[in-house]
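*Asks:* below are the sequence and a predicted model; questions follow.
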Amino acid sequence: MATSIVKSKPLAGFSLVEMMVALLISSILLMGVVTIMDNNKKSYILQNELAELQDNARFVMDELAREFRMAGYFGCSGQRPDNAPQARITPPIWGQNDVPISDRGGNNSLDEFPSSDIIEIASFSPQLDVDTTTVDANNIPTTLSANSIQPSDGAQVIVSDCTGSRIYSTMGSSPPALTLTGAAKLFNNPVEIFLAKGPAITVAHYEVKSIEGGFALFKCFDTGGDNRFCNDGDDDELLAEGVQNMQIRYGVDLGAGSLRYDATAPLVAKSIRVTLLMRTTKKRGIGPADDIDFQLDSSDSVTYNPRGDNETLEEGYRHRLFTSTIKVRNVFSF
């Protein structure tokens with residue numbers, strides 16, 4: 001009997017060379033995907049940083065615009081409270097140009113950054129929203145609207161109408177009622193009530209300072225009575241991060257509807273021009289500093305180039321410049 005021999009077919013597969021080629025192609029594709037994901041992540045982080053920067057700039061501009069429009073507003077009568085100590089409020093807008101940035105963040109190289117401006121604004125603000133049309137300041141409650149600032153007990157407020165104003169203290173207030181204590185006086189419509197942040201007049205002080213890892217705009221109210229800067233006894237608050245430089249220029253009336261913007265505050269300013277140089281709050285690994293000439297002062301062409309002027313300390317940050325011109329509404333002085 002004959003025996004048949006069956007030959008098996010060789011199994012199909014990949015050779016070592018083919019596997020190495022496949023791995024190489026896969027690695028190249030994977031590296032491309034990873035690179036795209038990494039770039040997208042950096043772009044997403046940068047866009048978030050720039051969005052935060054823009055929001056902070058808008059917030060600061062809105063804050064300064066509100067304060068500048070209230071500058072010099074001392075009620076309908078435009079007079080200092082008759083029971084207030086004498087205070088410096090002329091002019092109601094006062095500033096200092098090119099002040100070195102105060103160091104609050106342990107950065108010893110602040111001289112590498114451009115100097116910033118300081119601004120102080122005097123007014124009867126912030127204002128409380130009053131529902132009643134007359135106020136009898138003789139321990140009689142006054143109703144505030146629900147959206148109004150609710151002062152704490154013992155706080156000082158300024159009650160004003162077109163005949164004058166007086167300072168009163170709150171006593172036993174139960175919001176929205178506001179109970180005033182002090183010499184009796186009947187105020188007639190229109191009545192305005194302001195929260196006093198100082199011995200008589202609210203003097204808001206704005207200054208750029210360094211913080212750990214960056215810069216911020218700080219605000220404080222002069223409570224010491226000297227009406228000049230915020231001293232150690234005056235509490236300041238961080239208003240917005242990322243404000244690296246603030247420039248204030250004052251509109252001087254040249255007549256015939258023409259204005260010139262100067263660094264020195266005149267007795268009467270028609271408008272205020274604010275320039276903010278904003279910087280992202282974190283590096284986030286976004287590469288070298290901006291190689292852009294940011295024009296900080298439009299009146300005398302002062303520029304700052306983060307990469308050219310200060311590449312080491314500016315590396316990894318992004319900058320944007322914001323400018324706004326604000327009309328001044330009040331020219332009262334004491």
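*Replies:* It's in.

*Asks:* all helices for this protein, in order.
*Replies:* Taking DSSP state H as the criterion, the chain carries its helices at 16-70, 306-314.

*Asks:* for those helices, which has the smallest mean pLDDT value?
*Replies:* With a mean of 84, helix 16-70 has the lowest mean pLDDT of the helices of the chain.

*Asks:* in terms of secondary structure, what does it contact?
*Replies:* Where contact means 3 or more C-beta pairs under 8 Å, 6 or more residues apart in numbering; DSSP states H and E, helix 16-70 is packed against strand 116-123, strand 236-241, strand 243-255, strand 271-279, strand 319-327. (Each C-beta comes from the backbone N, C-alpha and C, glycine too.)

*Asks:* just the buried positions in stretch 18-30, please.
*Replies:* By neighbour count with 16 or more other C-beta atoms under 10 Å, stretch 18-30 contains no buried residues.

*Asks:* residues contacting that stretch, please?
*Replies:* If you take C-beta atoms under 8 Å, 6 or more residues apart in numbering as the criterion, stretch 18-30 is touched by Phe14.

*Asks:* swap in 6 Å and give it another go.
*Replies:* Under the contact criterion C-beta atoms under 6 Å, 6 or more residues apart in numbering, stretch 18-30 has no outside partners.

*Asks:* quick revisit: okay if I get the helices and strands packed on helix 16-70 as CSV plus mean neighbour count, distance to Glu49 and mean pLDDT?
*Replies:* Below are the helices and strands packed on helix 16-70 laid out as CSV (neighbours: other C-beta atoms under 10 Å; distance: least, C-beta to C-beta, whole Å; pLDDT from 0 to 100):
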stretch, mean neighbour count, distance to Glu49, mean pLDDT
strand 116-123, 24, 21, 88
strand 236-241, 16, 11, 89
strand 243-255, 20, 14, 88
strand 271-279, 22, 10, 93
strand 319-327, 16, 10, 93
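
*Asks:* can you add distance to Cys162 and give those back as CSV?
*Replies:* Output for the helices and strands packed on helix 16-70, formatted as CSV (distance: least, C-beta to C-beta, whole Å):
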stretch, distance to Cys162
strand 116-123, 17
strand 236-241, 33
strand 243-255, 28
strand 271-279, 27
strand 319-327, 24
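
*Asks:* out of those strands, flag the one nearest Asp297.
*Replies:* Across those, Asp297 has its closest neighbour in strand 243-255 (5.4 Å, C-beta to C-beta).
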